[in-house]
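>>> kindly return the folded structure for what I paste below:
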Amino acid sequence: MTIKNVLDRVFTQAVEAGEVPGVAAFAADRNGMIYEGAFGVRDRAEGGAMTTDSVFWIASMTKAITSVAAMQLVERGKLALDAPIADVLPDLADRPVLEGFDAAGKPRLRPAKRPITLRHLLTHTAGFGYDIWNADLGRYMAQKEIPGIISCANAALTTPLTSDPGEKWQYGINIDFVGKAVEKASGETLETYFRNHIFSPLEMKTTGFILDQTRRERLVRMHVRGADGSLTPIAFEIPQTPEFFMGGGGLYGSGRDYLRFTRMLLNGGTLDGVQILKPETVSTMAQNQIGGLEAGVMATALPDSSNDVNFFPGMSQKWGLGFLINTEDTIGGRKAGSLAWAGLGNTYFWIDRDAGLTGVILSQILPFADHKAVALYGAFERALYQAYQE
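Down below sits the predicted model:
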């Protein structure tokens, strides 16, 4: 059977079983796209067939793009990985560390032990968190009436650290500050920088922060998984007049576009003769940058937004400059040292530089790490590697 036949069967069965309302998936090797498919509907209530150019909120898959933008500026000498990022973003000069709360419920804050660097931000070791996976941070935000990051309000970026820079991997709003640094160093808004230096060169024509008419016509609706397994469509949209472009999670785009981005990284920074990054920069981004720290495991503090997260149970997991790294071969087929991450609405990608394969799979379901969406992600990986080898 062909790769298309094998993978079509995997996704058709998942949609027919009601596991996801709709799904789009894409894969490539170093020579180009080897699979694309779309199944089910964009909206369980109103229908509309899922298509390979359907538009998704890719959420934290934005982070890899922002990280690439920052590394372009590192290459040009406009940003430095290990200088205090307060040189570029003065707001980060004296960010305190939240140590908990006293008996009266008042936050206990102290100065951080060292300055935050761009490397800390790119590796999620600066000390910033998300309330979704940090209850103390959520409590602090509630007390101080700080909005969540999805508000795209500058006030959302005023949270304290919850650990000292360089001492713990903690997933958080780090890449939103990287986006701010890209803007400051380049003199362009993040939207303009992405368009000029990443999207246009890579011909990523449907990706952007703002839902113009063309994107909106192909937009996939968000669905919520109930405790009984049911899926209910909900109203959901990132603010369209944001105070800042959310480099950590604000983009909308198609899987076909995102595959062009992952193919560029798979091919060492170049796609179709256009160089986005130097090969040595991609190699640096793909290396463990957190030493003996462990990454990738996140216990939920807000179950309506995310389940517990651990994509490789029992495996040491590391973080590069923008990516999760599996340190062993997976049962699905990807090799040790592959790069991956995801978006809150259950969008996923991986880049296997050893085997020369990359995959992207997109749905729109909350909470994150939906068990059926993750299972389908795993089935996609297994079927792709098996069919490709055959």
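
>>> hey, let's count contacts and neighbours off CA atoms from now on
Noted.

>>> so who does residue 115 touch?
Residue 115 sits next to 84, 85, 86, 93, 165 when contact means CA atoms under 8 Å, 6 or more residues apart in numbering.

>>> do you know how far it is from residue 237?
Going from residue 115 to residue 237 by CA to CA, to the nearest Å gives 35 Å.

>>> likewise for residue 176?
Taking CA to CA, one finds residue 176 at 18 Å from residue 237.

>>> the more surrounded of these two?
Set side by side, residue 176 and residue 237 show more neighbours around residue 176, with 24 against 12, by other CA atoms under 10 Å.

>>> what about the strands in the stretch 1-150 of the chain?
22-29, 32-43, 47-49, 56-57, 97-101, 107-110 (DSSP state E, counting those that start in this stretch).

>>> now the angle between strand 22-29 and the longest one, please.
This means strand 32-43. 170 degrees (axes from the mean of the first three to the mean of the last three CA atoms, to 10 degrees).

>>> name the residues of strand 32-43 that are buried.
33, 34, 35, 36, 37, 38, 39, 40, 41, 42, 43 (16 or more other CA atoms under 10 Å).

>>> please apply the same query to the fifth one.
Buried residues in strand 97-101, counting neighbours by 16+ other CA under 10 Å, are found at 97, 98.

>>> now the helices for this protein?
3-16, 62-75, 118-122, 135-144, 174-186, 190-194, 200-202, 213-217, 255-266, 279-285, 371-389 (DSSP state H).

>>> name the residues that touch stretch 366-374?
19-20, 222-225, 303-309, 343-346, 363.

>>> do that again at 7 Å, thanks
Residues outside stretch 366-374 that contact it (CA atoms under 7 Å, 6 or more residues apart in numbering): 19-20, 223-225, 304-307, 309, 344-346.

>>> how about stretch 147-160?
Residues outside stretch 147-160 that contact it (CA under 7 Å, 6+ apart) are 95, 96, 97, 98, 146, 238, 239, 242, 243, 244, 245, 246.

>>> next: stretch 14-21.
With CA under 7 Å, 6+ apart as the test, stretch 14-21 has contacts from 22, 39, 40, 41, 44, 372, 373.

>>> adding distance to residue 187 and pLDDT, write these out as JSON lines.
As requested, the contacts of stretch 14-21 are exported to JSON lines (distance: CA to CA, whole Å; pLDDT from 0 to 100):
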{"residue": "22", "distance to residue 187": "40", "pLDDT": "98"}
{"residue": "39", "distance to residue 187": "41", "pLDDT": "98"}
{"residue": "40", "distance to residue 187": "42", "pLDDT": "98"}
{"residue": "41", "distance to residue 187": "41", "pLDDT": "98"}
{"residue": "44", "distance to residue 187": "42", "pLDDT": "95"}
{"residue": "372", "distance to residue 187": "43", "pLDDT": "98"}
{"residue": "373", "distance to residue 187": "39", "pLDDT": "98"}
